[in-house]
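>>> sequence first, then the predicted structure, then my questions.
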Amino acid sequence: MSVIRVEDAEGVTHELEPVEGWRLMEILRDYGMGMEGTCGGAVACASCHIVLDPEWADKVAPPRDDEIDKLDELPFLHETSRLSCQIIWSDELDGLKLTLVKEPT
């Protein structure tokens with residue numbers, strides 16, 4: 001069984017069992033992790049912004065230009081920020097660690 005380790009906005013870590021071929025956004029949404037995924041993966045909203053653990057940033061396929069452009073529109077960004085709708089789950093990502101973004105207040 002593969003697992004994704006997700007730190008929520010309150011700092012609590014959850015272990016989720018992913019589905020092969022699903023977008024991370026879909027997995028996070030279906031587990032009730034507070035993921036909106038408003039545009040459904042069309043790279044139109046950035047509501048699925050996550051931060052990959054630095055040790056995983058280079059193990060995930062790099063972002064395309066449209067994802068980079070959408071991330072650049074965010075008011076805050078982290079070095080390993082990604083849109084979870086653009087990462088497709090495969091078993092090679094077993095153990096992936098990420099953090100759900102909490103907007104600064």
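That came through fine.
>>> contacts, neighbours, all on C-alpha from now
Fine.
>>> in this structure, mark out all the strands, start to finish.
Shown for the chain, the strands assigned by DSSP state E span residues 4-7, 13-16, 49-52, 81-83, 96-100.
>>> and residue 16, bridged to which residues?
According to DSSP bridges, the partner residues bridging residue 16 are residue 4.
>>> who touches the residue nearest the centre of the chain in this structure?
Relative to the mean C-alpha position of the chain, the nearest C-alpha, by CA atoms, centre = their mean, is the one of residue 84, at 3.2 Å. Contacts of residue 84 were listed using CA atoms under 8 Å, 6 or more residues apart in numbering, and they are 23-25, 48-50.
>>> save the residues you listed as a markdown table, and put in distance to residue 89 and pLDDT too.
Output for the contacts of residue 84, formatted as a markdown table (distance: CA to CA, whole Å; pLDDT from 0 to 100):
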| residue | distance to residue 89 | pLDDT |
| --- | --- | --- |
| 23 | 6 | 96 |
| 24 | 6 | 97 |
| 25 | 10 | 96 |
| 48 | 15 | 94 |
| 49 | 16 | 95 |
| 50 | 15 | 96 |
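>>> of all the strands of the chain, which one is nearest residue 32?
For residue 32, the closest of those is strand 13-16, at 10.7 Å, according to CA to CA.
>>> quick one: the residue nearest to the centre of the chain from residue 34, how far?
Relative to residue 34, residue 84 is positioned 13 Å away (criterion: CA to CA, to the nearest Å).
>>> go on, residue 86?
17 Å.
>>> more neighbours, those two?
It is residue 86, of residue 86 and residue 34, that has more neighbours when counted by other CA atoms under 10 Å, with 19 against 13.
>>> tell me how far the more buried one lies from residue 4.
In this view, residue 86 and residue 4 are 16 Å apart by CA to CA.
>>> likewise for residue 36?
Distance of residue 36 to residue 4, given as CA to CA: 18 Å.
>>> who has more neighbours out of these two?
Regarding residue 36 and residue 4, a neighbour count based on other CA under 10 Å identifies residue 4 as having more, with 21 against 17.
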